[in-house]
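Asks: sequence? don't have it. structure:
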């Protein structure tokens, strides 16, 4: 049914030549210095110590000590105290500390949501058209 369309598209793509032509082999210029530099607006005009003296010799050793939503270690064993190593009841109480609330309804009444009237619901559902009728 669509064989003509498929054949036309195949013919167009077969004859297609790119508009951009690159001259020569792609190489990185040797004159560019890739060494870390302090930002021109830096107040100290120097790099942090972590840039000048790297604490990790390889990316793998960095990854073993990095934290992003928890440890990034390659293996997490359940025998160690890690994810799933302790029962939930051993982690402590779930009740919030003083001055912290888990739900808006636990706050004083002045912070509760105001109830929506039937007229307001009608105005929202009709897009305001019922208010002028």
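Replies: Arrived safely, thanks for sending. Everything numeric in this text was worked out from a predicted model, so none of it was measured. Residues are numbered from 1 along each chain as shown.
Asks: Okay, now stretch 93-108: how far is its last residue from its first?
Replies: Stretch 93-108 has an end-to-end distance of 23 Å (CA to CA, to the nearest Å).
Asks: what mean pLDDT would you report for it?
Replies: Computed over stretch 93-108, the mean pLDDT rounds to 85.
Asks: Kindly report the same for stretch 15-34.
Replies: Stretch 15-34 comes out with an average pLDDT of 80.
Asks: quick one, longest helix in this protein?
Replies: For the chain, the longest helix by residue count, based on DSSP state H, is helix 3-15.
Asks: Mind checking what helix or strand follows that one in sequence?
Replies: helix 49-52 (DSSP states H and E).
Asks: list the buried ones in that next one?
Replies: Buried residues in helix 49-52, counting neighbours by 16 or more other CB atoms under 10 Å, are absent. C-betas here are computed from N, CA, C, even on glycine.
Asks: Now do that helix: which elements does it pack against?
Replies: With contacts defined as 3 or more CB pairs under 8 Å, 6 or more residues apart in numbering; DSSP states H and E, helix 49-52 has no packing partner among the helices and strands.
Asks: what distance separates that helix from the centre of its chain?
Replies: 26 Å (CA atoms, centre = their mean, to the nearest Å).
Asks: What of stretch 15-32?
Replies: 33 Å.
Asks: Quick check: end-to-end length of it?
Replies: End-to-end for stretch 15-32, by CA to CA: 39 Å.
Asks: Likewise for stretch 93-106?
Replies: Taking CA to CA, stretch 93-106 runs 18 Å from one end to the other.
Asks: Kindly report the same for stretch 92-106.
Replies: End-to-end distance for stretch 92-106, by CA to CA: 21 Å.
Asks: which residues sit against it?
Replies: Residues from elsewhere that reach stretch 92-106 (CB atoms under 8 Å, 6 or more residues apart in numbering): 107, 111, 112, 113.
Asks: Separate out the buried members of these.
Replies: Here, 16+ other CB under 10 Å leaves nothing buried among the contacts of stretch 92-106.
Asks: Next, the contact list for residue 55, please.
Replies: residue 62.
Asks: so residue 105 sits in a helix?
Replies: Yes - using DSSP: H, G, I helix; E, B strand; the rest coil, the assignment for residue 105 is a helix.
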